[in-house]
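**Q** Could you look at this predicted model? Sequence included:
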Amino acid sequence: MFWEAFNEMDGVSCNRAEGALYLFPQIKLPAKAVEAAADKGMAPDAFYADRLLDGTGIVVVPGSGFRQKPGTHHVRFAFLPAEDDIRNVIDLLKQFHAKFMEEFS
């Protein structure tokens, strides 16, 4: 369910989890977001993860900690919410991502 939601987001692609509870979506960050991250001395994926935490309370791990390919940006997402909360978490993710992309486009 979460991998499908990521694939519905602008500039995000994500493979289905195969027997694990982690997803590793790739996020095509706008150049302005990459520049804003550099201005703060942060990796772009860490900047995105930090903004996600501040904006929603959702914690993800920046992909730069997992030796992602240079020039790509990922986050590691562990999908652990209670089943009753999944829809709310997905809605929060989508709302945050849409606002983030709008802000930095």
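**A** Structure received. Numbering: from 1, shown residues only.
**Q** In this structure, where is pLDDT below threshold?
**A** Of all residues in the chain, none has pLDDT under 70.
**Q** cutoff 90 now
**A** Within the chain, the set of residues satisfying pLDDT under 90 comprises 1-3, 16-21, 64-70, 79-86.
**Q** Identify the single longest strand in it, thanks.
**A** Longest strand in the chain, counting residues (DSSP state E): strand 75-78.
**Q** who touches the helix or strand following that one?
**A** Using DSSP states H and E, the helix or strand that follows strand 75-78 in sequence is helix 86-104. Helix 86-104 is contacted from outside by 1-2, 5-6, 8-12, 29-30, 32-33, 36, 48, 51-52, 55-56, 58, 79, 81, using C-beta atoms under 8 Å, 6 or more residues apart in numbering. Where C-beta positions appear, they are placed from N, C-alpha and C, glycine not excepted.
**Q** Give the pairing partners of the longest strand of the chain; include direction for each.
**A** Applying DSSP bridges, strand 75-78 is found paired with strand 22-23 (antiparallel), strand 61-62 (antiparallel).
**Q** Next, name the residue at the spatial heart of the protein.
**A** Geometric centre of the chain, nearest residue: Val75, 5.1 Å, by C-alpha atoms, centre = their mean.
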